[in-house]
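> the sequence and its predicted three-dimensional model are supplied below.
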Amino acid sequence: MTRLMLGAAMLALVGAAPVQTVPLATGATQATSRWATFRDAYIEELFRLDPGFAIYQGRHDLDGRVQDWSPAGLRRIGDFYRRSIAAARAMPDRSLTADERFERDYLIQVTKGRLFWLEDADQPHTNPKWYVDAGLDPNVYVARNYADATTRAKALTAFFRRIPLAASQIRANLKTPMPLSFARYGAAAFNGFADYYGTDAVAAFAEVKDAGVQRDLKEAATSAAAAMRSLGGYLEGQQRTANDAYALGPARFSRMLSATEGVSVPLAQLEAAGRADLQRNRTALVAACARFAPGATVPACVERMNADKPEGGPVAEARRQIPRLRAFVEAKDLVTIPGTEQALVEESPPFNRQNSAYIDPPGPFEHGLPSIYYISPPDPAWDQKTRDAFVPGKDDLLFTSVHEVMPGHFLQFLHANRSPSLFGRIFVGYAFAEGWAHYAEEMMWEAGLGDGSPQVHIGQLSNALLRDCRFLSAIGLHARGMTQEQSRRMFVEQCYQDEGNARQQSARGTYDPAYLNYTMGKLLIRRLRADWTAGRGGRAGWKAFHDRLLSFGGPAIPLVRQRMMNEKTARAVF
C-alpha cells in the first residue's frame, strides 16, 4: 500500500521555491496558457490549504506546516473544492486541447473525491484515519534526505511546535461515541506518533552538532509527543462507550465510488465481479495445492507455503528479492524502468503498522531520493502462534515485494513522477496505484515468475485472495450489514488468511471503506489491457500497454480508458 493519496493565489512566502512545472506536450496557445494558469493556481491554493499533502509531494518551502483543522479551516477548503469544480466545469471543450480536457476532467475527479471525504463522509468529524493520513507523519523529514540534517531538524522542530494545536483541533472535531474499531485505530496511531515523535524522530538527528538546534528539537518533540499521547489516551477512554456504527450505507458507498474513482455501476454488478474473481482465484489455489501438497486441505497447504519463512526475517529477504525482480522485468521486457532511483527496505515505524507492508516514494518535486519499502513486525500483544503466522512465507513476501516495489508501486511512481502532465505527477489515485500494484502481481506470474512452481503460485494467489476479501468485505461492511466478526471469518474461511491478518483486515475495512480499490483497480486494468491489446498483438503489446497506462500518472481508471480507447465517455468496464 502506498501512503499518499491527494491554487487562485500564489503563495507569498519569503524564500518560497517556485513551482516546478513541465509544459504539456502540444504547442503553446492562448487557451493552453489559460488552462495552465488555472491548473497551477489550483495546485498552489490546495498546497496552501493542505500543506501536509504539499510537503509529501516534495514542496519543502512549506516544511513544518500543518493543516488548519478548525471549523473555519475545514469550511475554507470545502469552499475551495466547490469553487474549483465549478470553474473547471465552466471551461468549454472547444477552448481546450485534448491534453487539457483530460487534465480538466482529472482535476474535477480528484476534487470531487476530496470533497466527498471532507463533507459527505464527514471524515474530519467521524474518522481518526483522516488525520493520520493528512500530515501528522514526520517521516518525510526523517527518512527523506532532501536537505542536510540541520535544515531538516529545524523543519521538524517547526512541525512539532504546531502539533499541540492540531491535536486540540482533532479532539474538538471528533464526534463521540464512535465505532470501536475507529477508537482502537486512532488510539494506536496517535500513541504510535507519540512514541515516534519523542524517540526515533529525535534520535535520527543525533549527527546535528548545533546544541541549540538539538535543544529546540527535543523540547518541541516532548510537547508534541505529550499532545499525541493525550489524544491517544482520550480515544482509549472512548472505547468504553464505543459502538458499531461504521457503515457508510449503500447510497453513500455508491457515491464514494463515483466521486473518488468515477465508477458508477450498480453495487450488485460490482459485487458479482468481486465474487467471480474470488472464485477464479480459489479454483486456481485448489489446483496449485493439489500439486504442492497432495491430499492436504487448502488451509494446510497455505500454511505449509507460509511455513517456509525467510532466512534472517522479511526485511532481509525483501532486500534479496528486489534485484531479482528487476532482472526478471528487464529480461521479459514487461515495462520500461525509467531512472536510476532505488528502493530501500526498512522495518515500519510503530505509528503505521496497521498494514503489513507499504512504500513511501519521494514526491514529484524531489529528485534522486530513494523510496523506502516498509515491512511491519507482528503486534507484540498477540500470542506467539499468531505472531509467528503473521510473518509471511518467502513466496507470500515475494508478491508483496512485487506489489510494493517491482513492478508495483515503486515503478509506477517512477513513471508518475515523469508524467508529461503536472497534475498526473502530483495526484495518484487509490484505485490506480493499488490497482496497478495488485495487477502487477498476477501479471508477473503470467509472465513466468516462479517458472510454474506451485508454491510460488500459492504465494501469488494468497495475496490475490486477500484483496478479493477486502473487496467483498468493503461492500459487505458498508452496504450489506456485515459485522466485523463476519468479515474476519470471511478472511480466514474464504481467503485462507492467518488469524492476525484477518483481524487487521476486518478492522481496516470499517475505517477504510475504499480498500476494495485493490481488486477493483486490478479488474479495470485487466479489462482495459484485454481491450487495448486486442488489436495490438495481444501478449506482444503488453509493454506498450503498460508504458502508455503509466504515462498518465494516476487518474481514475475510467478516464484512462476513455483516453486510451478513444471512447466518448469515461466508464468503468469489468
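Right, received. Where do you want to start?

> number of nearby residues for residue 164?
17 (other C-beta atoms under 10 Å). Every C-beta, even on glycine, is put in place using the N, C-alpha and C of the backbone.

> tell me the spacing between it and residue 332.
Distance of residue 164 to residue 332, computed by C-beta to C-beta, to the nearest Å: 52 Å.

> list the contacts of residue 222.
Taking C-beta atoms under 8 Å, 6 or more residues apart in numbering, we find residue 222 in contact with residue 198.

> please, which helix or strand holds it?
Assessed by DSSP states H and E, residue 222 sits inside helix 211-238.

> mind listing what's buried along that helix?
By 16 or more other C-beta atoms under 10 Å, the buried positions in helix 211-238 come out as 213-214, 216-217, 220-221, 223-229, 231-232, 234-236, 238.

> so which helix or strand of the protein has the lowest pLDDT on average?
Scoring the helices and strands of the chain by mean pLDDT, DSSP states H and E places helix 384-390 at the bottom, with a mean of 81.

> mind listing what's buried in it?
Within helix 384-390, the residues that count as buried by 16+ other C-beta under 10 Å are 386, 389, 390.

> just put those in TSV and tack on distance to residue 285.
Below are the buried residues of helix 384-390 laid out as TSV (distance: C-beta to C-beta, whole Å):
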residue	distance to residue 285
386	22
389	18
390	20
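
> what about the strands in the chain?
Listed in chain order, the strands found in the chain under DSSP state E are 343-347, 357-360, 371-375.

> mind putting those into TSV with mean pLDDT?
Listed next are those as TSV, based on pLDDT from 0 to 100:
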stretch	mean pLDDT
strand 343-347	94
strand 357-360	92
strand 371-375	94
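
> quick one: the helices in the stretch 401-550 of the chain, in order.
409-416, 422-426, 430-446, 454-479, 484-493, 499-511, 517-533, 542-550 (DSSP state H, counting those that start in this stretch).

> from the contact counts, what lies against the second one?
The reference is to helix 422-426. Counting contacts by 3 or more C-beta pairs under 8 Å, 6 or more residues apart in numbering; DSSP states H and E, helix 422-426 packs against helix 30-49, helix 98-115.

> same check, this time on the fourth one
Judged by 3+ C-beta pairs under 8 Å, 6+ apart, the packing partners of helix 454-479 are helix 250-261, helix 267-292, helix 298-307, helix 394-404, helix 430-446, helix 484-493, helix 499-511, helix 517-533.

> so how far is the last one from its chain's centroid?
Translated: helix 517-533. Relative to the centre of its chain, helix 517-533 is centred 18 Å away, using C-alpha atoms, centre = their mean, to the nearest Å.

> buried sites along that helix?
517-529, 532-533.

> hey, C-alpha coordinates of it in CSV?
The C-alpha trace of helix 517-533 is given here as CSV (Å, rounded to 0.1, in the frame of the first residue of the first chain):
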residue,chain,number,x,y,z
ASN,A,517,-9.8,-0.4,-4.7
TYR,A,518,-7.1,-3.1,-4.9
THR,A,519,-9.3,-5.6,-6.7
MET,A,520,-11.5,-3.1,-8.4
GLY,A,521,-8.5,-1.3,-9.9
LYS,A,522,-6.9,-4.6,-11.0
LEU,A,523,-10.1,-5.8,-12.7
LEU,A,524,-10.5,-2.5,-14.5
ILE,A,525,-6.8,-2.6,-15.7
ARG,A,526,-7.1,-6.2,-16.8
ARG,A,527,-10.1,-5.5,-18.9
LEU,A,528,-8.5,-2.4,-20.4
ARG,A,529,-5.4,-4.4,-21.3
ALA,A,530,-7.5,-7.1,-23.0
ASP,A,531,-9.4,-4.4,-25.0
TRP,A,532,-6.4,-2.2,-25.9
THR,A,533,-4.1,-5.1,-26.9
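
> next, the angle from it to helix 454-479.
Helix 517-533 runs at 110 degrees relative to helix 454-479, counting by axes from the mean of the first three to the mean of the last three C-alpha atoms, to 10 degrees.

> if you compare the directions of helix 517-533 and helix 542-550, what angle comes out?
120 degrees.

> neighbouring contacts of helix 517-533?
Residues from elsewhere that reach helix 517-533, judged by C-beta under 8 Å, 6+ apart: 261, 263, 270, 273-274, 277, 430-439, 442, 467-468, 470-471, 539, 541-542, 545, 548-549, 557-558, 560-561, 564-565, 572-574.

> hmm, try it at 7 Å
For helix 517-533, contacts defined as C-beta atoms under 7 Å, 6 or more residues apart in numbering pick out 261, 263, 273-274, 277, 430-432, 434-436, 438-439, 467-468, 470-471, 541-542, 545, 557, 561, 564-565, 572-574.

> quick one, which of those residues are buried?
For those, a burial check counting by 16+ other C-beta under 10 Å picks out 261, 263, 273-274, 277, 430-432, 434-436, 438-439, 467-468, 470-471, 541-542, 545, 557, 561, 564, 572, 574.

> is it possible to export the helices and strands packed on helix 454-479 to TSV including distance to residue 189?
Output for those, formatted as TSV (distance: least, C-beta to C-beta, whole Å):
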stretch	distance to residue 189
helix 250-261	22
helix 267-292	28
helix 298-307	27
helix 394-404	21
helix 430-446	19
helix 484-493	18
helix 499-511	10
helix 517-533	21
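
> so which of the ones you listed gets nearest residue 93?
Set against residue 93 and scored by C-beta to C-beta, these come closest in helix 250-261, at 21.4 Å.

> low-scoring pLDDT stretches of this structure, where are they?
Along the chain, the parts satisfying pLDDT under 70 run over 1-33, 351-352, 354-355.

> ok so, going back, to residue 153, which of the helices and strands packed on helix 454-479 lies closest?
With C-beta to C-beta as the measure, helix 394-404 is the member of the helices and strands packed on helix 454-479 nearest residue 153 (28.7 Å).

> neighbours of residue 538, how many?
What residue 538 shows, counting by other C-beta under 10 Å, is a neighbour count of 11.

> now it: how far from residue 114?
For residue 538, the distance to residue 114 (C-beta to C-beta) stands at 38 Å.

> one more: residue 350?
The gap separating residue 350 from residue 114 is 28 Å, by C-beta to C-beta.

> looking at these two, which one has more neighbours?
For residue 350 versus residue 114, neighbours defined as other C-beta under 10 Å are more numerous around residue 114 (23 against 18).
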